[in-house]
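> Task: produce atomic coordinates for the following.
(chains A, B and C, ligands or ions: 3)
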Amino acid sequence: MYGSASTHDLPTTALTGLENEDPILLAEFEARINRGEKIEPGDWMPALYRKQLTRMIEQHAHSEIIGSLPEGTWITRAPGFRRKMAQMAKVQDEVGHAQLLYSAAETLGKTREEMLTDLINGKSKYSNVFNYPTPTWADSNVISWLIDAGAIVNQLANAKGSYGPYCRALDRICAEEAFHLKYGHDAVVHMATGTPIQRKMMQEALNRWWPAIMTFFGPSDKMSVHTEILMRWKVKMASNDECRNQFLDMYVPKILEIGLTLPDANLRKNEETGQWEFTEPDWEDFKRVINGDGPCNAERIAVRRAAEENGAWVRRALLTPKAQYVRPLA
Amino acid sequence: MNPTLDLLYRLADDQLILGHRNSEWNGLGPILEEDIAFSSMAQDKLGHSLQLYSLLHALGEAEPDTVAFTRNAPQFHCCQLVELPIGEYDFSLTRHFLFDHAELLRFEALATSSYEPLAQVARKLRGELKYHALHANTWMKRLGTATDEAIERMQRSLDFTLPYALGIFEKTDAEAEIISSGLFVGEDELRGRWLESISKVLAQTALEVPDVLALTPVLGGRHGQHTEHLQPLLDEMAEVFRLDPTADW
Amino acid sequence: MIQSHDPRMNRLGLPDAPATAAAKGALDQFGTYEAFHQKKEGAPFVYVGPVHAPEADVAFLFAKEQYSRRFACTGLWVVPTAAITVTDYVGDQEWAYDSLPLLTNQQAAATAPPAGPRSGDDTAAEAAYAAGEEDYDIFHLKKRGKAHQHVGKVRASSPAQALQVAKAVFSDQRPVVNVWAARSADFLRSDDGDRDIWTTTPEKKYRDAISYKVQDRIERFKAETGTSQAD
Ligand SMILES: [Fe+2]
Ligand SMILES: [Fe+2]
Ligand SMILES: [Fe+2]
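Ligands and ions are numbered 1, 2, ... in the order given. The predicted model follows:
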């Protein structure tokens, strides 16, 4: 899931350091991007490009592995064969996405060991929405449909970015997301159009998740930091507001058509501007949660740590003396 | 019970319960890649059980969802091996190894079952089960020859699990008819093949294999007697399903 | 203990405030293998990505589910990342072989005529193998952002020579943005007898987007509730 914009973690100072780069190499690098060619791991790249991409792909990878947990919460309780098998496959895919993205980040020089160490020590960010709980099956369905829908908006944009390994990973990921989106929609529709118990469960879950969904793409561009150079280098591909607006355009009608309501009285599309208007999310709360004080932060990290620690003996046992690490190639 | 139903229920319940158990590892595996592989095999087991319950449905039994999600422990025909909690990875792998060898050989034999719909399913699953066995063997051989820590763990798991694994081959009253009607070669025959098959792999490890047939098998599962772990598993599995029995999820 | 909504986590017993986790040591996640798959019989093997694994046999198990659980597949190769020799990357319209070091005339003569892969009872080839030459698999990247594709094998006594030989053998293939060469002996490959491990892959419809068709249900709901369009 879940591209960089969702974590709102870009540096707040102006991006600097370019003065130390070789101007000729830098010009060639930018010319290549302008021609629409991808950057590949063997290429020269500015240190800032490497650093920002590493951070972004790493956060995306963390968001996948942590993002598998709120839905994993219901993996043993999914009702009926169809849901049970699909829920397993979806959670599996998210783990697979993490694997693909960690690999892409590795081509830039940070090892998976380093990334996982940072994750389980709470040093890295991941998409903030996963710090919220899924107390019912319906909450899991809301994520499957709408968080994945948001993620797809991000990922389709990022798949047009400039870094070859990230694009390759995203192509594979987007193909699988098509299943996630349809599965999530199917599950939500079944509940929203189902029995009174189901409808109530679904409406309550949507009410719980809507504020988090509205923060998914990050703060408004008006409040956002300077990202022009990242746009020019095709690291950041779409603005937060564009993504959010596109998401609302696509999904609000689909939510309303199945009889669900949205818990924001101010939500409406301004037909003149084409922009959606809504109650500004509580960004202070968002900051508090992303900095560690959300309902599930501790659990998410603890789970990942437990998995790593419980599997340590297996990895120790399999390691052979001839093993050597070189960066994955592409 | 009619021999065909008897056989199908045992097969289907084993697959459902072990598939469910193995799915508990999803997101918690020792390394991302293994997490993915193990989940695939759990999904496969769910798929097998669905196909088998569908055969039962065609024979007049209730819908697969009803059969899987509304029965209680005494109505289940799975062996006790599959109900045990996932424990640590050494146990889950050992169970996977012991069960999937029996599974592969069982479906190999069922490929020529006199009940053609079952034979068809068995033939189709051949390749899928081959990967499961390859996975199990690779892990068993790797861990069974690795560090002292790993060998010790695998040995303990093997010693603990083998008596339960023998419960896979527990017979029911229908056994004689199952064999005579050509439905299946029978549990004794299968156990012999299984023992040969696991012994070949275990011989390539540092693990000590006890005299398996001298062990006391853990029986009862095929007759509805289960460990204290099965009913909570079923309650958890059906928690949402039972919220509203009239609902279409 | 952390109380979770996930019963699995409650069984795991997660401590409330864990101490700082130790930094992972080098190779905690093993080295990597690169995986290539074949979509259908006769098609070239295409690069799909890396897996972390301790050995080739485990890498194969991992790659099979990470890279071929979804779509039809008829073959899979894995090779240690370290076993692959990589040329420079060049532009999308260029030829990566041009970036190889130029050969002296003598070296060029030794490289020509282009040596093909091991074939039958070719005595010259046998002599070459006896003298230490080996087969190498060659992969081309045709466009940046796309995936490397297997183009064939060459015989050589070193990776550098393999690239030189490939330059001659595949001289008609352009553009080539990047080339990989790896000793054929370093690959673990599925064989034809293994193909059935993918037989049921296309039947697993529950993970296909197309099996989720819910429009009828929506239309029925709208008709019943009279919400033709809620906004
Ligand atoms: Fe994902
Ligand atoms: Fe997803
Ligand atoms: Fe299996």
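
> tell me which residues in the helix ranked longest in chain B are buried?
If you go by DSSP state H, chain B has its longest helix at helix B:32-58. Using 16 or more other Cβ atoms under 10 Å in any protein chain shown as the test for burial, helix B:32-58 gives B:32-56. Any C-beta I mention is one placed from the backbone N, CA and C, and that applies to glycine too.

> One more: stretch B:82-90?
Neighbour counts over stretch B:82-90 (16+ other Cβ under 10 Å) mark B:Val82, B:Glu83, B:Leu84, B:Ile86, B:Tyr89, B:Asp90 as buried.

> In helices, which of these appear?
B:Tyr89, B:Asp90.

> Out of the buried residues of stretch B:82-90, which comes closest to chain C?
When those are compared for distance to chain C (Cβ to the nearest Cβ), B:Ile86 wins out at 8.5 Å.

> which residues sit in contact with the closest one?
B:Ile86 makes contact with B:Arg21, B:Asn22, B:Glu24, B:Trp25, B:Ser92, according to Cβ atoms under 8 Å, 6 or more residues apart in numbering or on different chains.

> before we move on, the earlier item: average pLDDT for the next helix or strand along the chain from the longest helix of chain B?
Remark: after helix B:32-58, the chain's next helix or strand is helix B:64-70, criterion DSSP states H and E. Helix B:64-70 shows a mean pLDDT of 97.

> Do helix B:64-70 and chain A come into contact?
Yes. Residues of helix B:64-70 are located near chain A by Cβ under 8 Å from any Cβ of the partner chain, namely B:Pro64, B:Asp65, B:Ala68, B:Phe69.

> coming back round to it: would TSV of the contacts of B:Ile86 with neighbour count and pLDDT be doable?
Shown next, in TSV, are the contacts of B:Ile86 (neighbours: other Cβ atoms under 10 Å in any protein chain shown; pLDDT from 0 to 100):
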residue	neighbour count	pLDDT
B:Arg21	24	98
B:Asn22	25	98
B:Glu24	22	98
B:Trp25	20	98
B:Ser92	22	98
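
> Which of those residues fall within helices?
Per DSSP H, the contacts of B:Ile86 map to helices at B:Arg21, B:Asn22, B:Ser92.

> now, among these, which is nearest to B:Asp173?
Closest approach between the ones in helices among the contacts of B:Ile86 and B:Asp173, by Cβ to Cβ: B:Arg21, at 27.6 Å.

> now that closest one, nearest residue through space, not along the chain?
B:Ile86 (5.7 Å; Cβ to Cβ, 6 or more residues apart in numbering or on different chains).

> Which helix or strand lies directly C-terminal to the longest helix seen in chain C?
When chain C is scanned for its longest helix (criterion: DSSP H), the result is helix C:56-68. Once helix C:56-68 ends, the next helix or strand along the chain (criterion: DSSP H and E) is strand C:75-80.

> Dump that next one to PDB, restricted to CA.
Taking Å, rounded to 0.1, in the frame of the first residue of the first chain, the C-alpha atoms of strand C:75-80 are listed here in PDB:
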ATOM      1  CA  GLY C  75       9.600 -22.600 -15.200                       C
ATOM      2  CA  LEU C  76      11.700 -20.900 -12.600                       C
ATOM      3  CA  TRP C  77      15.500 -20.200 -12.200                       C
ATOM      4  CA  VAL C  78      17.400 -18.800  -9.200                       C
ATOM      5  CA  VAL C  79      21.000 -17.800  -9.100                       C
ATOM      6  CA  PRO C  80      23.100 -16.100  -6.400                       C
END
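
> Sheet partners, orientation included, of that strand?
In the sheet, strand C:75-80 lines up against strand C:31-38 (antiparallel), strand C:188-189 (antiparallel) (DSSP bridges).

> and of the ones you listed, who's closest to C:Ile197?
Closest approach to C:Ile197 among those (Cβ to Cβ): strand C:31-38, 12.4 Å.

> what sits up against the helix or strand just after that closest one?
Next along the chain after strand C:31-38, taking DSSP H and E as the criterion, comes strand C:46-53. Residues outside strand C:46-53 that contact it (Cβ under 8 Å, 6+ apart): A:99-100, A:103, A:106, A:112, A:168-169, A:172, A:328-330, B:31-33, C:29-39, C:59, C:61-63, C:66-68, C:78, C:81, C:139, C:147-150.

> Please enumerate the helices of the stretch 101-250 of chain A.
Using DSSP state H, counting those that start in this stretch, the helices of the stretch 101-250 of chain A run over residues A:112-120, A:137-142, A:148-158, A:164-192, A:196-215, A:228-232, A:240-256.

> Chain C too?
Remark: helices assigned in chain C by DSSP H are C:7-12, C:56-68, C:105-111, C:123-130, C:159-169, C:215-225.

> Kindly reformat those as TSV containing distance to chain A and mean neighbour count.
Output for the helices of chain C, formatted as TSV (distance: least, Cβ to the nearest Cβ, whole Å; neighbours: other Cβ atoms under 10 Å in any protein chain shown):
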stretch	distance to chain A	mean neighbour count
helix C:7-12	6	17
helix C:56-68	6	24
helix C:105-111	24	12
helix C:123-130	25	12
helix C:159-169	14	22
helix C:215-225	4	13
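
> Would you tell me which of those gets closest to A:Val153?
With Cβ to Cβ as the criterion, A:Val153 lies closest to helix C:215-225 of these, at 21.6 Å.

> Remind me what the closest one packs against, helices and strands.
helix A:164-192 (3 or more Cβ pairs under 8 Å, 6 or more residues apart in numbering or on different chains; DSSP states H and E).

> Pull the distance from the helix it packs on to the chain's centre.
Centroid separation for helix A:164-192 versus its chain: 12 Å, with Cα atoms, centre = their mean, to the nearest Å.

> go on, stretch A:302-315?
Counting by Cα atoms, centre = their mean, stretch A:302-315 is centred 23 Å from the centre of its parent chain.

> and if you look at stretch A:137-150?
13 Å.

> Check the residue of chain B at minimum distance from ligand 2 and give its pLDDT.
Here chain B gets closest to ligand 2 at one residue, B:Gly27, 13.6 Å apart by Cβ to the ion. Here the pLDDT value assigned to B:Gly27 is 96.
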